[in-house]
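Participant: have a look at this fold, sequence not included:
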């Protein structure tokens, strides 16, 4: 029996605002779509948190035995300034600033994004489609929406008719907004506007002569609207109706609301059955923002080259810290919080390593009941991927393991279950990495320095046979010691 | 003055069959297009060699101060079995075998390809366009070719009219083939064929009902011909006429020949001004081939998990080995050749490290004339990127450096020139990595064992204050020593 058949997973479904039992449309197959980055600048930590949250979801569902088709797109065209229908394409704008071709911008920041995700040990999606890679499909969907009567062409652009859609559907369903309030909250259209209503949004925009990223279409030369690509790519690879759609909370409106409308208007289905939204990351209690300077880039986090943190933190520490909060809760980054997470991480890893070196006993005599602990750990993850509760379970195990001496007071089968579950939760599900095994560069320096201290002592004691022996043995290991006026230095070769 | 203004680079231009002085169309900008992989299986070492060769070209041109726009495509659609106009798409075929969606195959093998290239320390291109990302542009080019009278539509497919093209152009110009011979060497068309002549090739193919990768077009639902994408993507990002086009020798005909015809037919220009072709890699004297089993995958090379090699080789050693042959020459992989390259590599790196630790003298008294050596090294690379000659120059420097004692018999300026040139050639141009600085895990073990030996000696001498001090200092460094019946062991934690 597959694990997913024994575990009822509940998901906080943004569209129903309820925690619902998850059922896959076509188990063991499972379709997961996550809105990826617009690759016009370095990915910021808030985005990283979103992608790490969905990496957790992907890892856990895969751990349960689902065969997950995980689609996360790259927005490489169509995303205009201020996420609005007007203005310059974000990528073209950056291309102008950096004096590069837009697709060079795309390549540069896609590589950067992949690099950061890999350092956070986040798995790549199984399909990573691009907006420019689906122009034909976007044109096809626009045509369908027009044919169904939910969009109109005006001067080479095509707009989605929100009012018309709302007559037979519920625009605002996901974000909980009412169309009347939305209209009253919108500025009047100015005389030049091509839109029939201020709520309408572009699904195809005519390219101005200076707009570089442009394609032929039945409506002339232009480019697709930003919201469209996700409707197209999610349904192309996962079907008109599919399991889960995720993204950052900031995308709920209008981006995801528009996706639902486009899906429904073009093929009659709203698309995903479960919507999941990751919450924000703040920094020292404030919203991260480039304009106020309260911001932190991944490389600043890793290196500590920032006045926002006392020191740098390994990516896996930052990942561990993020997973100590539920994906749906806001989380604040600060030096103190990261330092605490670092301590906790090392305690956990040390306990895991200790566990691996222990032997079981004839029978279980511990008050720690492995089977119950194991069940509660799964229950935590089944409850809307509650990683903080899972981590508290791991800390409970850590305390217990630390109290054991040479042997684990567990039967062989309990011991095996504990060891295998710890490994699965720490590495497979949470996706942590054991950096204890790394960092040997620093350790090597430390150990060489112990030897050099001993050698100095030997020289002070005029025990030259010992001091020479240390030097020779180090030389055999490829470490050359040089004696100078101010003490000994060494160089490491092969 | 930029380096490229001082260095006349000559390139063996496949289309003229002459070594020609290279002049950039629009210096310092330079356009380089290289045919990338079809991502339907693990990249094989022959491909790796081609991409490493063009990485050398890219690195050297960049080193000379050119601002290179380096476009290398990913073929993710349209490449049919046997590189012909009939049969199944290579990616769809693999998708069926692996029970994945074609774009999952694309993602899997693109990630694998990127991983291998990164291990070989090959730079990513500055733009990495995909065939599926340029369907609209391909449709546009097909329409232009039809409009110019060089293609015809038949039952939803579009074929390039080679005879018509050859009336006013020279089909066979690159590969040196004559159209009459080509025709006489081709099988008669069977009755069902849609082609007017056996030399004609598809630029758009109607999709059979089972063909998954399909797009709307003015000619119905289908997919682009394989040759077309490179014409489209090279000219889109580099202009109708551009500097250099590279690829493996096996692509010269028909792929590159067809590219020229498509370029000329659609926009009047043949495209690249310089064609460069990398030569083949053989294994133990035989052509690599999956069907005969005479084949080697990158991971087999790195790990040694193959009966074709005695042991594994670090990627940078394999890279060094490949660069010891000119890109235009055939090269044979064998254990002996790689072992020899490994020795040479370590000698070179040791000399470089020694050089870095030396001091210059008041004046140059060496017979080794740095300025001449420096000039000859550039001359090697200027002569059609002759890396084997450059490497022999580096070995000349290695022998000289090895003959020096504590000081380099060079003036400060000569010494600086030598050091900086060695660094630039080894790391920037050849793209080698110093793996001597790695492998500290083994070194750490070696050094800890020296300490444990000393500690054992101290215990044998009943010098317990020393033995305890060693144990405590190691503990401070996070290395726990455990004493047992059979001696001491240790475990490394953070």
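Facilitator: Received it, and whenever you're ready, just let me know what you need. In this text the structure is predicted, and so the values were computed from the model without any measurement. Numbers count the residues shown, from 1 in each chain, chains lettered A, B, ... in the order given.
Participant: pLDDT at the closest residue to chain B within the stretch 201-350 of chain A, what is it?
Facilitator: Closest residue of the stretch 201-350 of chain A to chain B, Cβ to the nearest Cβ: residue A:215 (4.5 Å). Placement of C-beta: from N, CA and C, glycine included. Per-residue confidence (pLDDT) for residue A:215: 96.
Participant: can you give me the distance of the spatially closest residue to it that is not a sequence neighbour to residue A:214?
Facilitator: Leaving aside its chain neighbours, residue A:215 sits nearest to residue B:136 (4.5 Å; criterion: Cβ to Cβ, 6 or more residues apart in numbering or on different chains). Note on residue B:136: its distance to residue A:214, by Cβ to Cβ, to the nearest Å, is 10 Å.
Participant: try residue A:227
Facilitator: 19 Å.
Participant: and the pLDDT at residue A:439?
Facilitator: With respect to pLDDT, residue A:439 scores 44.
Participant: what does the residue of the stretch 51-200 of chain A found nearest chain B show for phi and psi?
Facilitator: Here the stretch 51-200 of chain A gets closest to chain B at one residue, residue A:133, 4.0 Å apart by Cβ to the nearest Cβ. Main-chain dihedrals, residue A:133, degrees, to the nearest 10: phi -80, psi 0.
Participant: is it correct that it is in contact with residue B:129?
Facilitator: No - in this structure, residue A:133 is not within contact of residue B:129 by Cβ atoms under 8 Å, at 9.3 Å.
Participant: thinking again about what came up before, on the three-state scheme, the residue nearest to residue A:215 is what?
Facilitator: Under the three-state scheme (DSSP: H, G, I helix; E, B strand; the rest coil), residue B:136 adopts helix.
Participant: which residues touch the residue of the stretch 201-350 of chain A closest to chain B?
Facilitator: Contacts of residue A:215 were listed using Cβ atoms under 8 Å, 6 or more residues apart in numbering or on different chains, and they are A:135, A:221-223, B:136-137.
Participant: separation between the residue lying closest to residue A:459 once chain neighbours are set aside and chain B?
Facilitator: Ranked by Cβ to Cβ, 6+ apart and with sequence neighbours excluded, the top spatial neighbour of residue A:459 is residue A:467, at 4.7 Å. Distance, residue A:467 to chain B, by Cβ to the nearest Cβ, to the nearest Å: 11 Å.
Participant: residue A:467 reaches residue A:452, doesn't it?
Facilitator: No - judged on Cβ under 8 Å, residue A:467 makes no contact with residue A:452 at a distance of 9.9 Å.
Participant: for chain A, what are the low-confidence residue spans?
Facilitator: A:437-442, A:485-486, A:489, A:491-494 (pLDDT under 70).
Participant: now do 80
Facilitator: Low-confidence regions of chain A, defined by pLDDT under 80, span residues A:81-86, A:185-192, A:289-291, A:436-446, A:476-480, A:482-494.
Participant: what residue is smack in the middle of it?
Facilitator: Centroid-nearest residue in chain A, with Cα atoms, centre = their mean: residue A:51, separated by 1.6 Å.
Participant: which SS class is it?
Facilitator: Under three-state DSSP, the three-state class of residue A:51 is helix.
Participant: which outside residues touch the strand or helix carrying residue A:165?
Facilitator: Element membership for residue A:165 (DSSP states H and E) is helix A:162-168. Helix A:162-168 is contacted by residues A:149-150, A:171-172, A:179, A:196-197, A:199-201, A:261, A:264-265 when judged by Cβ under 8 Å, 6+ apart.
Participant: so which of those sit within strands?
Facilitator: Of the contacts of helix A:162-168, the ones assigned to strands by DSSP state E are residue A:201.
Participant: elements contacting the longest helix seen in chain A?
Facilitator: The longest helix of chain A (DSSP state H) is helix A:335-357. With contacts taken as 3 or more Cβ pairs under 8 Å, 6 or more residues apart in numbering or on different chains; DSSP states H and E, helix A:335-357 sits against helix A:315-323, helix A:387-403, helix A:412-423.
Participant: okay, the angle between it and helix A:387-403?
Facilitator: 50 degrees (axes from the mean of the first three to the mean of the last three Cα atoms, to 10 degrees).
Participant: could you point out which element follows helix A:335-357?
Facilitator: helix A:370-382.
Participant: wait, what's in contact with the residue nearest to residue A:459?
Facilitator: A:455-456, A:458-459.
Participant: in the host helix or strand of it, what counts as buried?
Facilitator: Using DSSP H and E, residue A:467 maps to helix A:464-476. Within helix A:464-476, the residues that count as buried by 16 or more other Cβ atoms under 10 Å in any protein chain shown are A:466-467, A:469-471, A:473-474.
Participant: now residue A:393, nearest residue through space, not along the chain?
Facilitator: That would be residue A:377: by Cβ to Cβ, 6+ apart, it lies 4.5 Å from residue A:393.
Participant: what is the neighbour count of residue A:6?
Facilitator: 11 (other Cβ atoms under 10 Å in any protein chain shown).
Participant: so how far is chain B from it?
Facilitator: 25 Å.
Participant: next: residue A:447.
Facilitator: Counting by Cβ to the nearest Cβ - residue A:447 and chain B are separated by 5 Å.
Participant: ok, now which ones touch that residue?
Facilitator: Counting by Cβ under 8 Å, 6+ apart, residue A:447 touches B:444, B:447-448, B:451, B:474, B:477, B:479.
Participant: could you list which of these belong to strands?
Facilitator: Short answer: those in strands (DSSP E) are residue B:479.
Participant: where's residue A:33, which helix or strand?
Facilitator: strand A:29-34.
Participant: could you name the helices and strands sitting against that strand?
Facilitator: Counting by 3+ Cβ pairs under 8 Å, 6+ apart, strand A:29-34 packs on helix A:45-63, strand A:67-72, helix A:226-238, strand A:242-248.
Participant: quick one: closest of those to residue A:115.
Facilitator: helix A:45-63 (11.6 Å; Cβ to Cβ).
Participant: re earlier: what comes up buried for the helix holding residue A:165?
Facilitator: A:162, A:164-166.
Participant: burial of the closest residue to residue A:342 other than its chain neighbours, as a residue count?
Facilitator: In this structure, residue A:342 finds its nearest non-sequential neighbour in residue A:317, 4.9 Å apart by Cβ to Cβ, 6+ apart. For residue A:317, the neighbour count with other Cβ under 10 Å is 23.
Participant: can you name the next helix or strand after the helix or strand encompassing residue A:143?
Facilitator: In this structure, residue A:143 is located in helix A:135-147 according to DSSP H and E. On the C-terminal side of helix A:135-147, the closest following helix or strand by DSSP H and E is strand A:151-154.
Participant: what are the pairing partners of that following strand, and which direction each?
Facilitator: strand A:157-160 (antiparallel) (DSSP bridges).
Participant: who's in contact with the strand it pairs with?
Facilitator: Counting by Cβ under 8 Å, 6+ apart, A:142, A:145-146, A:150-152, A:194-196, A:200-206, A:219, A:222, A:225, A:258, A:261-262, A:265 sit against strand A:157-160.
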